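1. got a structure for you, letters missing:
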């Protein structure tokens, strides 16, 4: 489901270079320590922790292998939907309609 950690870390490090942000600045944004961020940017560190995935989201670096992505296994997607929908069938219907409308939008690639 995830891309290889080495590839993700390469993209994250490239983002760090291009953004001009220091590790201290990014760590503060993510509410983690700079040494922890440094470990996250190392491909040798324990992969795919919440902190690591938060860093990917912050940097707009895709952690998922698009050829193997399954939304049913995407815990972040499930959590987001669960938080919005709660136990409301009406909200569930709204989310369903929204997703269908987004799928039909001309700017969305399939």
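-> Happy to help now that I have it. Just so we're clear, the structure is a prediction, and the values are computed from it rather than from any experiment.
2. Which residues are in contact with residue 7?
-> Neighbour list for residue 7: empty [criterion: C-beta atoms under 8 Å, 6 or more residues apart in numbering]. For the C-beta atoms, the positions are set from N, CA and C on the backbone; glycine is no exception.
3. What are the buried residues along whichever strand or helix holds it?
-> Assigned by DSSP states H and E, residue 7 falls within helix 5-19. Of the residues in helix 5-19, 5, 8-9, 11-12, 15-16 count as buried by neighbour count, 16 or more other C-beta atoms under 10 Å.
4. For those residues, please prepare JSON lines with the additional fields distance to residue 27 and pLDDT.
-> Compiled in JSON lines, the buried residues of helix 5-19 are given as follows (distance: C-beta to C-beta, whole Å; pLDDT from 0 to 100):
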{"residue": "5", "distance to residue 27": "19", "pLDDT": "88"}
{"residue": "8", "distance to residue 27": "18", "pLDDT": "92"}
{"residue": "9", "distance to residue 27": "16", "pLDDT": "92"}
{"residue": "11", "distance to residue 27": "18", "pLDDT": "95"}
{"residue": "12", "distance to residue 27": "13", "pLDDT": "95"}
{"residue": "15", "distance to residue 27": "14", "pLDDT": "95"}
{"residue": "16", "distance to residue 27": "11", "pLDDT": "94"}
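5. If we ignore the residues flanking it in sequence, what's nearest residue 13?
-> residue 41 (5.8 Å; C-beta to C-beta, 6 or more residues apart in numbering).
6. what about residue 26, which helix or strand?
-> Per DSSP H and E: helix 23-30 holds residue 26.
7. which helices and strands does that helix pack with?
-> Applying 3 or more C-beta pairs under 8 Å, 6 or more residues apart in numbering; DSSP states H and E, one finds that helix 23-30 contacts helix 34-40, helix 50-59.
8. do you know how far the closest residue to residue 54 other than its chain neighbours is from residue 100?
-> Sequence neighbours aside, residue 30 is the residue nearest to residue 54 in space, at 5.7 Å (criterion: C-beta to C-beta, 6+ apart). Noted for residue 30: a distance of 34 Å to residue 100, by C-beta to C-beta, to the nearest Å.
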